[in-house]
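Visitor: Output the structure for:
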Amino acid sequence: MSTAEYSPSAQDVKALRERTGAGMMDCKKALVEAQGNVDQAIEILRKKQGKRIEDRGERVAAEGTIQTYIHSNAKVGVLVEVNCETDFVARNEDFIEFAREIALHVAAANPLVVSEDELDPAVVEKEAKAFEEQAADKPEHIRPKIVEGQLKKWKSEVVLLNQEHVNADKYEGKTIKQLQDEIAAKTGENVRIRRFAR
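Guide: Below you'll find the model as predicted:
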């Protein structure tokens, strides 16, 4: 099938860019490849941006911003450090807004750590043992699956990157990791939530 037949309008390209945060040329290429099918174009961009995000993984995120959130009752405060590669992106409005949204989320969701590899193995082991005890009355051959499922659920509750943003309506149930990947794709830089204090 020839891809030369279809040429997306500027409005179509702009609309796809606004939905995905991808570059104009990437959006145009994806629309041409998908013959104008927007959902298919988004899928093409996801695959390509995902790869681009992976490629950025080795680059050092040494610039960034520190944002705060103080809850209205003044009993909960959060500091969040989010890093990127350049001071240009560190001053970018979308990047700063992302960091503020993370601070608000941390105040509400109270995660233990940023990523799974920061979890204390002793704590994970303790949780696994507790789940094993809870599954003791289940058939032996399904117990490991139950424990694995419970551990995954627990990690989605205590690991920041695994949590769905508390503002589910605004972020359509996306995890913090998905939002981090989106801002990385949008800015074209490696973006990392470095640490937080609540």
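Visitor: I'd like the distance from N73 to R198, if you could.
Guide: Going from N73 to R198 by Cβ to Cβ, to the nearest Å gives 14 Å. For glycine as for every other residue, the C-beta is placed from the backbone atoms N, C-alpha and C.
Visitor: same deal with L179?
Guide: 18 Å.
Visitor: Which one's more surrounded, those two?
Guide: L179 (20 against 15; other Cβ atoms under 10 Å).
Visitor: Make sure the more buried one is actually in contact with K170.
Guide: No. Under the criterion of Cβ atoms under 8 Å, L179 is not in contact with K170, lying 10.3 Å apart.
Visitor: Excluding sequence neighbours, find me the nearest residue to Y171.
Guide: H165 (4.2 Å; Cβ to Cβ, 6 or more residues apart in numbering).
Visitor: which ones are touching that neighbour?
Guide: The contact partners of H165, taken as Cβ atoms under 8 Å, 6 or more residues apart in numbering, are 101, 105, 171, 174-176, 179.
Visitor: List only buried entries from these.
Guide: 101, 105, 171, 175-176, 179 (16 or more other Cβ atoms under 10 Å).
Visitor: possible to save the residues you listed as JSON lines with distance to M25, secondary structure and pLDDT?
Guide: Formatted as JSON lines, the buried ones among the contacts of H165 follow (distance: Cβ to Cβ, whole Å; DSSP: H, G, I helix; E, B strand; the rest coil; pLDDT from 0 to 100):
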{"residue": "E101", "distance to M25": "28", "secondary structure": "helix", "pLDDT": "94"}
{"residue": "H105", "distance to M25": "33", "secondary structure": "helix", "pLDDT": "95"}
{"residue": "Y171", "distance to M25": "27", "secondary structure": "helix", "pLDDT": "89"}
{"residue": "T175", "distance to M25": "28", "secondary structure": "strand", "pLDDT": "93"}
{"residue": "I176", "distance to M25": "29", "secondary structure": "helix", "pLDDT": "94"}
{"residue": "L179", "distance to M25": "24", "secondary structure": "helix", "pLDDT": "94"}
